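1. sequence and predicted model, in that order:
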Amino acid sequence: MIDNNRDYLKIVDNFARIREVDSAPIFKSNSLPFPLISIVIPTYKRTVLLKAAIESALNQKNCSDFEVIVVDDDPQRACETEQLMSGMADEKICYYKNEQNLGQINNWNRCFELANGKWVVMLHDDDLLLDVFLEDCFTVINQLPQIGLLKPQWFHWVDDGSTPNIPEDTNTGELQRVYEIDQLIADRIGAPTGIIINREKFFLAGGFNPDFFPTADKCFVTLFSYYFEVYKLNKIASVYRLLNNDSLKTEVLSGFLHNDFFLFKQLCRRFRIPALIADNFLGYKLRNIVGYYKNINPAFSFNKKAIGLTEPGRIAGRISYILTNKIVSTYRKFYNVFGPLIFKKRQRNLTLIAVEEKVKKGTTGVPVIAWTISQFLEEGFLAFFESCETVFSL
């Protein structure tokens with residue numbers, strides 16, 4: 001879990017912890033050896049829903065340069081999942097079994113390790129891709145090849161036994177850039193299903209961190225958007241199935257809230273949001289989250305004092321929320337102007353981190369670190385915010 005001592009922007013090699021565990025290829029694709037796209041589906045004992053997920057991945061329009069990789073985290077051979085996969089032989093499908101159970105987040109990372117494509121689409125085993133998913137994504141990627149992560153809009157389907165009734169999508173396909181500071185206001189990317197990520201950049205960012213369960217996906221997107229371009233596409237291209245599963249359990253909801261509090265707190269500190277505004281904002285925002293969780297699980301309760309959360313009055317909380325919105329909006333405008341310089345500098349440092357790790361292992365030369373004007377711009381703007389607290393308190 002996150003706490004005051006954890007740095008969510010620190011790059012960690014999350015692949016190291018699973019390096020000693022093999023994934024056995026039960027059968028491999030007979031399609032292209034190096035496809036452009038890998039659609040990866042992590043699975044664990046969810047045979048009934050998995051079949052529909054795979055079929056939705058295979059059923060893509062106007063795009064054939066892809067493979068579908070299913071990574072089974074159940075080591076047992078001849079299980080129901082393996083029996084299902086044996087009957088779904090397709091030249092595009094690869095099926096692997098982990099020799100030990102890795103757990104959900106580690107299995108996500110293993111999917112990326114086994115992928116062969118430059119671009120990786122992650123699909124949960126209970127969700128669906130629409131047949132236009134890849135076509136819509138590459139309409140954007142072909143225009144903006146520097147993208148690191150793209151998430152089209154998803155359709156929320158409450159699975160009551162009926163088929164999803166997806167309304168006609170009247171969205172214009174508008175693109176919205178997502179920055180790390182946006183997490184303070186809204187989680188614009190959501191669950192890591194129905195997303196497409198540049199595989200090389202995913203590895204540079206260290207992958208998903210299991211220590212941040214159950215919000216490893218949100219923490220990853222926050223870190224990833226700090227270094228790379230992340231976009232939300234306002235066009236429905238996937239189906240997110242809502243089930244009464246582990247994510248609705250009290251202890252998991254408490255984990256969401258706990259991690260969100262410390263993640264938001266670190267973001268407030270990182271972007272120099274005045275302490276009084278930040279404290280009232282956090283209390284107001286988390287009060288609303290607690291209310292939402294109680295609606296979906298009436299048994300839910302949370303000890304706010306245990307994490308040092310103080311609850312503001314409604315007026316003070318609302319004012320702080322409005323002020324924080326204004327600060328986030330100002331940072332977005334700043335990024336729009338100076339973002340290319342800042343992100344270039346961050347990516348350079350990220351690459352140097354990777355090189356320095358190789359230096360420690362004796363596999364490459366010593367890197368040369370250059371000072372750039374972007375560092376002055378970024379640090380100078382943070383200092384500007386710090387010195388103008390009074391202005392943003394009005």
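-> It's in.

2. what are the buried residues along stretch 295-303?
-> Under the neighbour-count criterion of 16 or more other C-beta atoms under 10 Å, stretch 295-303 has 300, 302 buried. (C-beta placed from N, C-alpha, C; glycine too.)

3. mean confidence score for that stretch?
-> On average, the pLDDT along stretch 295-303 is 88.

4. now what about it, what contacts it?
-> 248, 249, 250, 253, 254, 257, 290, 293, 294 (C-beta atoms under 8 Å, 6 or more residues apart in numbering).

5. next helix or strand past the biggest strand by length in the chain?
-> In the chain, assigned by DSSP state E, the strand with the most residues is strand 229-242. Downstream of strand 229-242, the next assigned helix or strand under DSSP states H and E is helix 250-270.

6. give me the residues contacting that next one.
-> Contacts of helix 250-270 (C-beta under 8 Å, 6+ apart): 1-4, 6-9, 180-181, 183-184, 212-215, 218-219, 222, 246-247, 278, 281-282, 285-286, 289-290, 293, 297, 299-302, 307, 309, 324.

7. restrict the longest strand of the chain to CA atoms and write it as PDB.
-> Written as PDB, here are the backbone C-alpha positions of strand 229-242 (Å, rounded to 0.1, in the frame of the first residue of the first chain):
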ATOM      1  CA  GLU A 229       1.800  11.200 -23.400                       C
ATOM      2  CA  VAL A 230      -1.500   9.700 -22.200                       C
ATOM      3  CA  TYR A 231      -4.800  10.300 -23.900                       C
ATOM      4  CA  LYS A 232      -8.500   9.500 -23.400                       C
ATOM      5  CA  LEU A 233     -10.500   9.000 -26.600                       C
ATOM      6  CA  ASN A 234     -14.100  10.100 -26.300                       C
ATOM      7  CA  LYS A 235     -15.500   7.100 -28.300                       C
ATOM      8  CA  ILE A 236     -16.900   3.900 -27.000                       C
ATOM      9  CA  ALA A 237     -14.700   0.900 -28.100                       C
ATOM     10  CA  SER A 238     -14.900  -1.600 -25.200                       C
ATOM     11  CA  VAL A 239     -17.300  -3.100 -22.700                       C
ATOM     12  CA  TYR A 240     -16.500  -3.000 -19.000                       C
ATOM     13  CA  ARG A 241     -18.500  -5.700 -17.300                       C
ATOM     14  CA  LEU A 242     -19.700  -4.900 -13.700                       C
END
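
8. so what secondary structure elements neighbour that strand?
-> strand 128-129, helix 133-141, strand 147-158, strand 175-178 (3 or more C-beta pairs under 8 Å, 6 or more residues apart in numbering; DSSP states H and E).

9. strand partners of the longest one, parallel vs antiparallel please.
-> Taking DSSP bridges as the criterion, strand 147-158 pairs within the sheet with strand 195-198 (antiparallel), strand 229-242 (parallel).

10. among the contacts of stretch 295-303, which ones are buried?
-> 253, 254, 257, 290, 293.

11. make CSV out of those and add distance to residue 58.
-> Formatted as CSV, the buried ones among the contacts of stretch 295-303 follow (distance: C-beta to C-beta, whole Å):
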residue, distance to residue 58
253, 35
254, 38
257, 38
290, 41
293, 36
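
12. what is the most widely separated pair among these?
-> 254 and 290 (10.0 Å; C-beta to C-beta).

13. show me where this protein has its helices.
-> 47-58, 80-86, 104-114, 133-141, 199-204, 216-227, 250-270, 275-296, 314-360, 373-387, 389-392 (DSSP state H).

14. to residue 28, which of those helices lies closest?
-> helix 104-114 (10.0 Å).

15. shaky segments in the stretch 101-250 of the chain?
-> 169-170, 244-247 (pLDDT under 70).

16. change it to 80
-> Scanning the stretch 101-250 of the chain for pLDDT under 80 picks out 160-163, 167-172, 243-248.

17. ditto for the stretch 251-394 of the chain
-> 351-394.

18. change it to 50
-> By pLDDT under 50, the weakly predicted segments of the stretch 251-394 of the chain are 359, 361-376, 385-394.

19. which pair in the contacts of stretch 295-303 spans the largest distance?
-> 249 and 290 (15.6 Å).

20. quick check: buried residues in stretch 19-29?
-> So, applying 16+ other C-beta under 10 Å, buried residues of stretch 19-29: 23, 26, 29.

21. swap that for stretch 333-348, sorry
-> Quick answer for stretch 333-348 (16+ other C-beta under 10 Å): 334, 335, 338, 339, 341, 342, 343, 345, 346.

22. what's stretch 79-92 in contact with?
-> 26-27, 29-31, 43, 45-47, 50-51, 54, 58, 66-68, 70, 72, 74, 93, 95, 97.

23. now the end-to-end length of that stretch.
-> 22 Å (C-alpha to C-alpha, to the nearest Å).

24. likewise for stretch 67-85?
-> Using C-alpha to C-alpha, one end of stretch 67-85 lies 15 Å from the other.

25. pop the domain breakdown of the protein in here.
-> Annotated domains of the chain cover 16-243, 247-392 [automatic domain parsing].

26. burial of residue 332, as a residue count?
-> Neighbourhood size, residue 332 [other C-beta atoms under 10 Å]: 15.

27. for it, which non-adjacent residue is closest in space?
-> residue 179 (6.4 Å; C-beta to C-beta, 6 or more residues apart in numbering).

28. residues in contact with the one you found?
-> So residue 179 contacts 225, 230, 331, 332, 335 (C-beta under 8 Å, 6+ apart).
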